[in-house]
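Asks: using only what follows, build the 3D model:
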Amino acid sequence: MENNEKRDDWLISTFGNERGYDKMDSMNHTQEELQTLLSQLNGYGPPDFSELSIHEINKLQLYRIISNQIPQRVFWKDLELRYVWANRRFVNDCGVESPEDLVGKTDFDMPWTREQSEFYRADDQHVIDTGQPKINIIEPQTRQDGSQAWLHTNKVPLLNAEGQVIGMIGTYEDITERAEAEIVLRRYQQMLESIFNHIPAAVFWKDRESRYLGCNVNFAKDAGLSSPADIVGKSDDDLPWTTEQTKMFQADDRTVVESDQ
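Replies: Residues are numbered from 1 along each chain as shown. Okay, the predicted model is just below:
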């Protein structure tokens, strides 16, 4: 009886409070399929998972099917930061054959570098210790083939029915293509900044409202600023020009904008 109550508590806390699964009867499972699913859960929840009803198994199976269809990677760790379960996309990133191969392993068993593993685990531990999510983490991941991916990661605590933290669930999206494009763009911007900062002339650029968007080092010095970044959002009224100079500069700006020349 005690084991059944623990099992029910685990199911409710993990998958919701509803126990009416009559509409799931159309999902027919062979005994082998049920045993395979049970073997994945064995040892990471309350004991006697073999006593799960067909309705409970159907709901677990449906959850598994859905998680394997979404584009995000999904993984679940216990309080010791050991992997309990993961979807197919995460399994592929790890370079293993199946979710069963991850059960009980830690990040130090994965193909990521030790530095990456320590970084991931520090975030996981923070989520477990505080009960607060960590979202919008941009981080690298080394894959089995040695390639490096960039991830957009979110992590949330996993709570039981009493509100106690019993683990954490993480999801991430592979944003490698976007991140690499941003890296190329940043390098291009840095190259242009280097060129602008090494020419003898003072260079600046403004928006249509005559607000400064940027400048080179020489112009920043002329404007009495410590760095080019300090000029962003300012107008000539904010700089040490005389009133007459400011009016003249702004008039020239309007002429250029209006004539598009």
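
Asks: let me know the average pLDDT across the helix or strand hosting Asp123.
Replies: For Asp123, the host element (DSSP states H and E) is helix 114-130. Here helix 114-130 scores 96 as its mean pLDDT.

Asks: list the contacts of Met132.
Replies: Actually, residue 132 is Gln. It isn't Met. Contacts of Gln132 were listed using Cβ atoms under 8 Å, 6 or more residues apart in numbering, and they are His126, Pro157. In short, each C-beta sits where N, CA and C put it, glycine included.

Asks: which SSE is it in?
Replies: Under the assignment here (DSSP H and E), Gln132 is part of no helix and no strand.

Asks: state the distance from it to Gly95.
Replies: 31 Å (Cβ to Cβ, to the nearest Å).

Asks: give the burial count for the closest residue to Leu213 other than its chain neighbours, as a bare number.
Replies: Of all residues not flanking Leu213 in the chain, Trp205 sits nearest, at 5.1 Å (Cβ to Cβ, 6 or more residues apart in numbering). When neighbours are defined as other Cβ atoms under 10 Å, Trp205 has 12 of them.

Asks: partners of Trp205 in the sheet?
Replies: Gly214 (DSSP bridges).

Asks: grab the nearest non-local neighbour of Asp236.
Replies: Thr246 (4.4 Å).

Asks: enumerate every residue touching that neighbour.
Replies: Asp236, Asp237, Leu239.

Asks: ok, Leu192 - how many residues close by?
Replies: Counted with other Cβ under 10 Å, Leu192 comes out at 12.

Asks: so where does it fall, helix or strand?
Replies: helix 176-198.

Asks: what does that helix contact?
Replies: Ile138, Gln148, Ala149, Trp150, Val203, Asn216, Val217, Asn218, Pro228.

Asks: could you redo the last one with a cut-off of 6 Å?
Replies: The contact list for helix 176-198 (Cβ atoms under 6 Å, 6 or more residues apart in numbering) reads Ala149, Trp150, Val203, Asn216, Val217.

Asks: ok, back up a step: correct me, but the residue nearest to Leu213 touches Arg211?
Replies: No: at 10.3 Å, Trp205 and Arg211 do not qualify as touching, with contact defined as Cβ atoms under 6 Å.

Asks: mark which of the contacts of helix 176-198 are buried, thanks.
Replies: Ala149, Trp150, Asn216, Val217 (16 or more other Cβ atoms under 10 Å).

Asks: how about the last one: what's its closest non-neighbour residue?
Replies: Just to be clear, that refers to Val217. Nearest to Val217 is Asn197, by Cβ to Cβ, 6+ apart, at 4.6 Å.

Asks: number of residues surrounding the one you found?
Replies: If we define neighbours as other Cβ under 10 Å, then Asn197 has 14 of them.

Asks: from Tyr120, how far out is Met110?
Replies: 9 Å.

Asks: so who does Glu173 touch?
Replies: Here Glu173 is in contact with Gln72, His152 (Cβ under 6 Å, 6+ apart).

Asks: is it in a helix, a strand, or coil?
Replies: Recorded secondary structure, Glu173: strand (DSSP: H, G, I helix; E, B strand; the rest coil).

Asks: helices of this protein, start to end?
Replies: Assigned by DSSP state H, the helices in the chain fall at 2-15, 31-41, 54-69, 88-94, 114-130, 176-198, 217-222, 243-259.

Asks: report the buried residues of the last one.
Replies: Within helix 243-259, the residues that qualify as buried by neighbour count (16+ other Cβ under 10 Å) are Thr246, Phe249, Asp253.

Asks: chain neighbours aside, what residue packs nearest to the second one?
Replies: In this structure, Phe249 finds its nearest non-sequential neighbour in Asp236, 4.9 Å apart by Cβ to Cβ, 6+ apart.
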